[in-house]
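Student: got a predicted structure here, sequence first:
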Amino acid sequence: MSDYKQGLGADHWASGKEGEQHSTPPPASQFPPSENEQGQGQGQGEGLRAAFAETQTASSSEKLYVEKLYAEKEWTRVALNAVSDAVLVIDLYGTVTYLNRMAETLTGWASEDAIGKPLAEIFQILDAKTYETAANSAQRAIEENRAVGLAMNCVLIRCDGSEFHIEDSAMPLHDEDGDVTGAVIIFHDACQSQSMSEKMTYLAQHDVLTGLPNRVLLVERLNRAIGLAHRHHHQVGLIYLDLDDFKPINDTLGHALGDLLLQAVAERLSKCVRDTDTVCRQGGDEFVILLAEIDKPADAAKVAEKILSTIVEPYYIHSHEVHVSASVGISLYPNDGIDTSELMHHADLAMYHSKKDGRNTYHFFRPGMNAITVKRLFIESHLHQALKENEIFLNFQPKFDMVTGEVCGAEALVRWHEPSLGLVHPSEFVPVAQSCGLIVPIGQWVLHETCRQLQAWRNEGIDIVPVAVNISTVELCNKKFLESIIEILDDTGLEAHFLELEFTESSLMHDAKASLTMLESLHQLGLTLTIDNFGVGPSSISYLQRFPIDTVNIDQSFVHDMPHDADAITIVKAIIQLAKTLDLRVTAKGIETREHYKLLLSQQCEGGQGFLFSPPLAADDFRKFLVRDKMHGSIGFIAQNNRKNIAWEQEHKTRTQ
């Protein structure tokens, strides 16, 4: 081994002194030619040159080796300074030869002051209970030639006299021959380690965004609750909650505001349950609530009702008024499952049933829901091909003037005939389309096909009427929605006033300001705009005044209840009066009996739609409605009733004169 190699022994890297230099042999090119070489003949000169070349090669090798060692030393020094643990090195005699930056921080000693001093002076370790000197782990590592850990509950006395608990281990250092040359001590702040451990445990069990327990902690608590319920013979409730139409909020307002909404929802959910219950964020816009101990199913139902009523209250986020609802499913131990996975799965199935059933509601799990889920998965997988295979088509349900009986409009209703399932009801495939991202392309097809069909009839010389298309929240929030409407009208050539767009109150109130801007743009195009299912959503009178709406549709639930519910009549009357005050047209949906018709007519409702007048019709059948005498067929009784009303009014007027 050369002198240079010996000068950088196995423990040399541990010195770590900044700016430390080592001599290196001068480059061979700097050796001057000797006098003998200058005076010799060619043969002798060649011999000298050969000897010189050999010396030059050896010197270059030495230089490269030294440079390599220095680079390795520098790399080691940088790496050790970057680690979060403290590193301290001693030689065989217990003299400190190296401290990394963290060791300087924890001991309070600078390297230049510590190097060369005894370990006992720099690294004072005491037993935290007795304050007697603790066993020297580094010395043991050297003597026993193995890794050794520090005794538990020890404190390090810093240079300034302060102290803190540490954890450490020591390992022997060896030279190339395997002989022990010293030891390295690696240590850290035990309090910081405990804090970090607690933090890591918390992060592993909690959702970062909301601070709620995550699925890991939920499963742990659910297993514990099941065990207790089994021993004490009570029930456990599991509530699975999914926010309705959350994606449009993210798309419209941005993910930052969407996150704020999730945090607000989490806060409200936490206030709906007991301290012994657990609210968990399952992921995305899904939450799970564990009711650790309940006596009967009604206890879970009461919590679900409280949650639903709390969630629908408006949220005010960065000057935006945001509305959201939820679909909830409930499973119970032991009736619906005896383990975590079964209860979670069944609560999830019940939640999807709530989605299908109109949202903003809850359902308990029933065994038959498994079959429903299988069908739902089938629908989702085949719905992707429905548009391509021309399985989607339109029906048209006429709207009538309640006084004259004339057809004054219609509603386009999407239908799907799946070869193996037959006719699939919209209540089955529309929620699936919304959840799997197909509602926008299907909605675009409905809009285009409606406009195309109307223009085709008009080209035949038929007097067409405005046709309404339902617009979902997802479509309304789509940034390209306005552009797509303009393109469809341009492509089909249909005049804008023949296209009516129906929006639910909840979709408009998702982001009222954005909805107002969109409606104003649509209104400027000349489209007819309608609030559908009026009276069941969260809209306020102030926004109703500001929205450029032409028509309100009375929800069919109020119409159905009118014959036997005085409150329903009062609500319908109030809606009609409000609409007239705001100069809006009113159409009642779901008219199925003559009693419905008479009650609505007595309240001066202008338009009507329902099976009493006509069911949804295929395109060809609706075309016949447009071309035939509108006073015949299923609505003839309206004209007859109108003539009786006129005669009665004239007779009454004569009698009172």
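Tutor: Received, thanks. Here the structure is a predicted model, which is why all the values come from computation and not from measurement.

Student: give me the element Gly182 is part of.
Tutor: strand 180-189 (DSSP states H and E).

Student: quick one: buried residues of that strand?
Tutor: 181-189 (16 or more other C-beta atoms under 10 Å). Glycine gets a C-beta too; all of them are placed from N, C-alpha and C.

Student: just put those residues in JSON lines and tack on pLDDT and distance to Leu413.
Tutor: Shown next, in JSON lines, are the buried residues of strand 180-189 (pLDDT from 0 to 100; distance: C-beta to C-beta, whole Å):
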{"residue": "Thr181", "pLDDT": "94", "distance to Leu413": "87"}
{"residue": "Gly182", "pLDDT": "95", "distance to Leu413": "86"}
{"residue": "Ala183", "pLDDT": "94", "distance to Leu413": "83"}
{"residue": "Val184", "pLDDT": "94", "distance to Leu413": "78"}
{"residue": "Ile185", "pLDDT": "93", "distance to Leu413": "79"}
{"residue": "Ile186", "pLDDT": "90", "distance to Leu413": "73"}
{"residue": "Phe187", "pLDDT": "90", "distance to Leu413": "74"}
{"residue": "His188", "pLDDT": "84", "distance to Leu413": "69"}
{"residue": "Asp189", "pLDDT": "83", "distance to Leu413": "69"}
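
Student: I'd like those laid out as CSV, including distance to His174.
Tutor: Formatted as CSV, the buried residues of strand 180-189 follow (distance: C-beta to C-beta, whole Å):
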residue, distance to His174
Thr181, 6
Gly182, 9
Ala183, 10
Val184, 11
Ile185, 16
Ile186, 16
Phe187, 21
His188, 24
Asp189, 29
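
Student: contacting residues around the strand holding Gly182?
Tutor: For strand 180-189, contacts defined as C-beta atoms under 8 Å, 6 or more residues apart in numbering pick out 9-11, 14, 84-92, 97, 102-103, 106, 123, 137-139, 141-142, 145, 150, 156, 164-175.

Student: what mean pLDDT does stretch 525-539 get?
Tutor: Mean per-residue pLDDT for stretch 525-539: 82.

Student: same check, this time on stretch 159-179
Tutor: Rounded mean pLDDT across stretch 159-179 is 87.

Student: and that stretch, what's buried?
Tutor: Buried residues in stretch 159-179, counted by 16+ other C-beta under 10 Å: 165-173.

Student: just give the number of residues close to Thr130.
Tutor: By other C-beta atoms under 10 Å, the residues close to Thr130 number 8.

Student: ok so, going back, I'd like the buried residues of stretch 159-179 as CSV, with secondary structure and distance to Asn395 appended.
Tutor: Supplementary listing: those in CSV, determined by DSSP: H, G, I helix; E, B strand; the rest coil; distance: C-beta to C-beta, whole Å:
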residue, secondary structure, distance to Asn395
His165, strand, 76
Ile166, strand, 78
Glu167, strand, 74
Asp168, strand, 79
Ser169, strand, 77
Ala170, strand, 83
Met171, strand, 80
Pro172, strand, 86
Leu173, strand, 85
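
Student: helix, strand, or coil at Val89?
Tutor: Following DSSP: H, G, I helix; E, B strand; the rest coil, we place Val89 in the strand state.

Student: outline the domain layout of the chain.
Tutor: Domain assignment for the chain by automatic domain parsing gives 3-82, 86-196, 206-367, 390-644.

Student: dump those domains to CSV, plus distance to Glu380.
Tutor: Conversion of the domains of the chain to CSV gives the following (distance: least, C-beta to C-beta, whole Å):
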stretch, distance to Glu380
domain 3-82, 51
domain 86-196, 44
domain 206-367, 11
domain 390-644, 5
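
Student: can you tell me which of the ones you listed has the worst average pLDDT?
Tutor: Least confident of the domains of the chain, judged by mean pLDDT, is domain 3-82 with a mean of 48.

Student: which element, helix or strand, includes the closest residue to Val627 other than its chain neighbours?
Tutor: In space, and not counting its chain neighbours, Val627 is closest to Ile462: 5.8 Å by C-beta to C-beta, 6 or more residues apart in numbering. Assessed by DSSP H and E, Ile462 sits outside every helix and strand.

Student: residue contacts, Ile462?
Tutor: Ile462 makes contact with 623, 626-627, according to C-beta under 8 Å, 6+ apart.

Student: make TSV out of these and add secondary structure and neighbour count.
Tutor: Output for the contacts of Ile462, formatted as TSV (DSSP: H, G, I helix; E, B strand; the rest coil; neighbours: other C-beta atoms under 10 Å):
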residue	secondary structure	neighbour count
Arg623	helix	18
Leu626	helix	17
Val627	helix	12
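
Student: quick check, nearest of these to Thr551?
Tutor: The closest of the contacts of Ile462 to Thr551 turns out to be Leu626 (C-beta to C-beta; 20.0 Å).

Student: got the contact list for the closest one?
Tutor: Counting by C-beta under 8 Å, 6+ apart, Leu626 makes contact with 407, 457, 462-465.

Student: would you list the contacts of Ile462 in a markdown table and tack on distance to Leu516?
Tutor: Listed next are the contacts of Ile462 as a markdown table, based on distance: C-beta to C-beta, whole Å:
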| residue | distance to Leu516 |
| --- | --- |
| Arg623 | 37 |
| Leu626 | 34 |
| Val627 | 39 |
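
Student: isn't Leu544 up against Ala579?
Tutor: No - applying C-beta atoms under 8 Å as the test, Leu544 and Ala579 come out as separate, 9.2 Å apart.

Student: next, show the common contact partners of the two.
Tutor: Looking at what touches both Leu544 and Ala579 (by C-beta under 8 Å, 6+ apart), there is no common residue.

Student: out of the two, which sits in the busier spot?
Tutor: Taking other C-beta under 10 Å, Leu544 and Ala579 do not tie; Ala579 has more neighbours (22 against 18).

Student: correct me, but the more buried one touches Val586?
Tutor: Yes - assessed by C-beta under 8 Å, Ala579 is found in contact with Val586 at 4.6 Å.

Student: what's the overlap in contacts for these two?
Tutor: Counting by C-beta under 8 Å, 6+ apart, the contacts common to Ala579 and Val586 are Val552.

Student: in stretch 84-94, what counts as buried?
Tutor: Neighbour-count burial for stretch 84-94 flags 85-91, 94 (criterion: 16+ other C-beta under 10 Å).

Student: cool, stretch 220-233 as well?
Tutor: Judged by neighbour count using 16+ other C-beta under 10 Å, the buried positions of stretch 220-233 are 221-222, 225-226, 229.
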